[in-house]
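Peer 1: Give the three-dimensional model of this entry:
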Amino acid sequence: ESGDQVGSALVSVRSVITLARLEPDEVWLSPGESVRPALVLEDETGQPVVQSADWSSNADAIASVGPDGTGRAASPGDAVIRAARGGAVAEFVVHVTTRPASIHVTPAAGYYPLGDTIRFTARVLDGAGDEVDRPVRWVSSEPRVLVEPGLVRATEPAVVVLTASSGEVSTTSVLTFVGA
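Peer 2: Sure thing, here's the model as predicted:
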């Protein structure tokens, strides 16, 4: 008799979560809208780990969060949604504002001299005409004239359609750059 024994054992290996990240890290919603950010967890070697997290909101009256991480906007204000797993924590900010109804851009569409730099501003308005705190995205039909968001400069004659958008609303301005 050799004394050999055969058996099996169940071994459980747990990763230590060292990094948690939420994408996006900031959103703008109107009451009743919801968002589910992507939760990224990594272990000490930088490898992704698939696990759930414990979710919480610092202001449930503004934006609450469900067990799956879905945040729901309730009333105007700012709330921080937090995901925690082990010692790692990630947060994203939910800005709850009135739904935008229109965007007002100044200066108006028109003719502009070559070489001038024009700063456009956009006001996001709700249905009552009150200004709403929402980010504005600028897009130009001629990308080379858009120096930075809302700042336009043309060095050669061009007709440019400048679009300002926020959420589901947008407005366009046609700009014509002409020589002196």
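
Peer 1: From here on, just use CA atoms for contacts and neighbour counts.
Peer 2: Will do.

Peer 1: How about the contacts made by the nearest residue to Ile17 once chain neighbours are set aside?
Peer 2: The shortest distance from Ile17 to any non-neighbouring residue, by CA to CA, 6 or more residues apart in numbering, is to Asp43 (4.5 Å). With contact taken as CA atoms under 8 Å, 6 or more residues apart in numbering, Asp43 is in contact with Ser15, Val16, Ile17, Thr18, Leu19, Val49.

Peer 1: Give me the neighbour count for the fourth one.
Peer 2: It stands for Thr18. With neighbours defined by other CA atoms under 10 Å, the count for Thr18 comes to 16.

Peer 1: I'd guessed it sits against Ala84; true?
Peer 2: No: in this structure Thr18 lies outside contact range of Ala84 using CA atoms under 8 Å: 10.8 Å.

Peer 1: Drop anything exposed from the contacts of Asp43.
Peer 2: Val16, Ile17, Thr18, Leu19, Val49 (16 or more other CA atoms under 10 Å).

Peer 1: for those, which one is nearest Asp126?
Peer 2: Leu19 (38.8 Å; CA to CA).

Peer 1: Tell me what the closest one is bridged to.
Peer 2: Beta-bridge pairing for Leu19 (DSSP bridges): Glu42.

Peer 1: who are the neighbours in contact with it?
Peer 2: Counting by CA under 8 Å, 6+ apart, Leu19 makes contact with Val40, Leu41, Glu42, Asp43, Glu44, Ala88, Val89.

Peer 1: Quick check: which element contains Val105?
Peer 2: Assigned by DSSP states H and E, Val105 belongs to strand 102-106.

Peer 1: chain center to the helix or strand just after that strand, what's the gap?
Peer 2: The first helix or strand that comes after strand 102-106 along the chain, using DSSP H and E, is strand 110-113. Here strand 110-113 is found 33 Å from its chain centre; the criterion is CA atoms, centre = their mean, to the nearest Å.

Peer 1: And strand 110-113, what does it pack against?
Peer 2: Where contact means 3 or more CA pairs under 8 Å, 6 or more residues apart in numbering; DSSP states H and E, strand 110-113 is packed against strand 169-178.

Peer 1: residues touching the residue sitting nearest the centre point of the chain, list them.
Peer 2: In the chain, the centroid-proximal residue (CA atoms, centre = their mean) is Val27; its distance is 4.4 Å. Counting by CA under 8 Å, 6+ apart, Val27 touches Phe92, Val93, Val94, His95.
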